[in-house]
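In: sequence? don't have it. structure:
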């Protein structure tokens, strides 16, 4: 194989790789956005609210330290869930 042919094939392979990675990145971004929007809208519809700060429901040492930061807030995000 001549050098010119090899260079052409390597360049085309690089272009195909770049296009493939751009498409994969776009699809991954769309998938994240879709999932995030779905989780938010479904949790917002359920209207789940964390107990108020100082509530006996948050007094447990197993869950209290993790849920105190969300006390009194509506559950709308994946990290809160």
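Out: Received it, and whenever you're ready, just let me know what you need. Owing to the predicted nature of the structure, the values given are computational and were not obtained by experimental measurement.

In: residue 61: neighbour count?
Out: By the measure other Cβ atoms under 10 Å, the count of residues near residue 61 is 6. Every C-beta, even on glycine, is put in place using the N, C-alpha and C of the backbone.

In: the residue nearest to residue 51 when sequence neighbours are not counted and residue 77: what is the separation?
Out: The shortest distance from residue 51 to any non-neighbouring residue, by Cβ to Cβ, 6 or more residues apart in numbering, is to residue 57 (4.1 Å). Noted for residue 57: a distance of 20 Å to residue 77, by Cβ to Cβ, to the nearest Å.

In: do the same with residue 38
Out: 12 Å.

In: who has more neighbours, those two?
Out: residue 77 (14 against 10).

In: quick check, the more buried one in contact with residue 40.
Out: Yes. Under the criterion of Cβ atoms under 8 Å, residue 77 makes contact with residue 40 at 6.6 Å.

In: just checking, the residue nearest to residue 51 touches residue 64?
Out: No. Between residue 57 and residue 64 there is no contact under Cβ under 8 Å: 9.1 Å.

In: average pLDDT for the helix or strand hosting residue 10, rounded please.
Out: Assigned by DSSP states H and E, residue 10 falls within helix 3-46. For helix 3-46, mean pLDDT is 96.

In: from the chain's centroid, how far away is that helix?
Out: 15 Å (Cα atoms, centre = their mean, to the nearest Å).

In: with stretch 63-72 instead?
Out: Centroid separation between stretch 63-72 and its chain, computed with Cα atoms, centre = their mean, is 22 Å.

In: many thanks, have a good one.
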